[in-house]
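Colleague: Sequence and computational prediction follow.
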Amino acid sequence: MNKRRIGLIRVVSYRGESRASLHGRLLERLYPELEVVTRCIPDQPKGIYDAETEALAVPKIISLGERMCREDRIEALIVSCAADPGVEGLRERVRLPVIGAGSSVACLALAFSDRVATMGITEGTPARMKALLGPCLVAEARPTGVTNTFELNTGAGKASAFAALRGLVAKGARVVALACTGFATLGVADEMTKQAGIPVLDPVVAAGLFAYAYIER
């Protein structure tokens, strides 16, 4: 089978290939037709977790994305961050489809229900997701004690995320859009769905679905 190559930008500066390529390997398992080329932006050891770190990351994402589109023989590019940093800038500079994980999971959530909740690691829902969800956004949460993706990937962070999930269900959510791609690293969407009794959607998986839909059109 001739696989179709897509690119994926990680906004955390992982040193080891194994951790850096985790999101890409997830998509390759779910969509065997895809081959995912993963690159990390430099000098962001804790990724993006506030306005300052996002501002630092955007020019790096744009530069890296342009290079990947020139050199890596890809057909589409995913920015693996729920804030969609650099996505609009890249769309202005390259001809390939540029897919943001945040807008992907927001759009997918609306296919399930008009009562959407989000859970991320920042104060409030990322702006692009919030704009897309509009009045369908009925609740937001951030796990207590979690301020960056590394804190999410601990036992305490995971427990806090499940506690926050129960709160979202209690507020009337009928679908939850995870607003941090660190949840894909943690791999909890399926477990959350089972415990909550409503769909809990992973932003990396959502972005992969849109990439797959594009190349298989």
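Modeller: Thanks, I have it.

Colleague: How is this structure divided into domains?
Modeller: Structurally, the chain divides into domains by automatic domain parsing as follows: 4-100+205-215, 103-203.

Colleague: Make TSV out of those domains and add mean pLDDT.
Modeller: Formatted as TSV, the entries for the domains of the chain read as follows, by pLDDT from 0 to 100:
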stretch	mean pLDDT
domain 4-100+205-215	95
domain 103-203	94
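
Colleague: Is it possible to get JSON lines of these that adds mean neighbour count?
Modeller: The way it works is simple: take the backbone N, C-alpha and C, and place the C-beta from them, glycine included. Formatted as JSON lines, the entries for those read as follows, by neighbours: other C-beta atoms under 10 Å:
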{"stretch": "domain 4-100+205-215", "mean neighbour count": "19"}
{"stretch": "domain 103-203", "mean neighbour count": "20"}
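
Colleague: contacting residues around the longest helix seen in the chain?
Modeller: Among the elements of type helix in the chain, defined by DSSP state H, the one spanning the most residues is helix 51-71. Applying C-beta atoms under 8 Å, 6 or more residues apart in numbering, the contact partners of helix 51-71 are 7, 9, 11, 37, 39, 41-44, 46-48, 74, 77, 79, 81, 83, 85-86, 89-90, 93-96, 98.

Colleague: In this structure, what residue spans correspond to strands?
Modeller: Counting by DSSP state E, the chain has these strands, from start to end: 4-10, 34-40, 77-80, 98-100, 116-119, 137-141, 175-178, 200-201.
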